[in-house]
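J.: Quick one, what's the 3D model for this:
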Amino acid sequence: MEGLAHPFGLDHLLAMVAVGVWSVSALPAHKAWQGPATFLLALVLSALLGASGVTLPYLEHAIALSVSLFGLMLVMAAKPVPKTFGLGLIAAAAGLHGLAHGAETPATGFAGYAAGFLLITAVLHVGGVGLGMGIRRWLAGRSGTVLTTLGSTLGVAGAYLFIHV
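T.: Numbering: from 1, shown residues only. Reported below is the predicted structural model:
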């Protein structure tokens, strides 16, 4: 149950939804799955490191800034950037989130906890992909404005989280 609940912290929730929206907005349609897949893989690998005691100073601050990073990525989604650069940023941010997940592994063990947070993370990514597809389909003429507004909101939210860590 702890694994199912953990991703609903505001920083994790915003980041995971943003990955889905960015993937639909910045990647070719047949490759939109790569953003969430990259996040999930980096998340679980870094969670294993976190569970074994690896940590970084100011980790929670860095996680808050990752929300702002994803906001910037949404603002820039319409501008062509190398796909590998965007996916690399996703992997780096997921690594931060994973270290935090792993450090909070309950005494009941890693496997069940990881299954829970991976499941919820995937669901949140699907929600982000759905939101991105909705923006593309129903707000196509205003998608740039919507993504800029959404990205700017994430940027402010990340700054707020950073200040309040």
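J.: What are the buried residues along the longest helix along the chain?
T.: In the chain, with assignment by DSSP state H, the single longest helix is helix 110-138. Under the neighbour-count criterion of 16 or more other Cβ atoms under 10 Å, helix 110-138 has 110, 113-114, 116-118, 120-122, 124-125, 128-129, 131-133, 135-136 buried. Any C-beta I mention is one placed from the backbone N, CA and C, and that applies to glycine too.
J.: Show which residues not belonging to the very next helix or strand once past that helix make contact with it.
T.: Remark: after helix 110-138, the chain's next helix or strand is helix 143-163, criterion DSSP states H and E. Residues outside helix 143-163 that contact it (Cβ atoms under 8 Å, 6 or more residues apart in numbering): 10-11, 14, 18, 21, 25, 61, 63-78, 135-136, 139.
J.: by how many degrees do helix 143-163 and helix 110-138 diverge?
T.: An angle of 150 degrees separates the directions of helix 143-163 and helix 110-138 when computed by axes from the mean of the first three to the mean of the last three Cα atoms, to 10 degrees.
J.: buried ones in helix 143-163?
T.: For helix 143-163, using 16+ other Cβ under 10 Å, the buried residues are 143-144, 146-148, 150-151, 154-155, 157-158, 161-162.
J.: go on, stretch 72-92?
T.: Buried residues in stretch 72-92, counted by 16+ other Cβ under 10 Å: 73-77, 86-87, 89-91.
J.: Dump that stretch to CSV, keeping only the CA atoms.
T.: Extracted C-alpha coordinates of stretch 72-92, given in CSV (Å, rounded to 0.1, in the frame of the first residue of the first chain):
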residue,chain,number,x,y,z
LEU,A,72,10.4,24.2,-19.1
MET,A,73,10.3,21.1,-21.3
LEU,A,74,6.5,21.6,-21.9
VAL,A,75,7.1,25.3,-22.7
MET,A,76,9.7,24.2,-25.3
ALA,A,77,7.8,21.1,-26.5
ALA,A,78,6.9,22.7,-29.9
LYS,A,79,10.5,23.6,-30.6
PRO,A,80,12.6,20.8,-32.0
VAL,A,81,15.1,19.4,-29.5
PRO,A,82,17.0,16.2,-30.0
LYS,A,83,14.8,13.3,-28.7
THR,A,84,17.7,11.8,-26.8
PHE,A,85,18.3,15.1,-24.9
GLY,A,86,14.7,15.2,-23.7
LEU,A,87,14.8,11.5,-22.8
GLY,A,88,18.1,12.0,-21.0
LEU,A,89,16.5,14.8,-18.9
ILE,A,90,13.6,12.5,-18.1
ALA,A,91,16.0,9.7,-17.1
ALA,A,92,18.0,12.1,-14.8
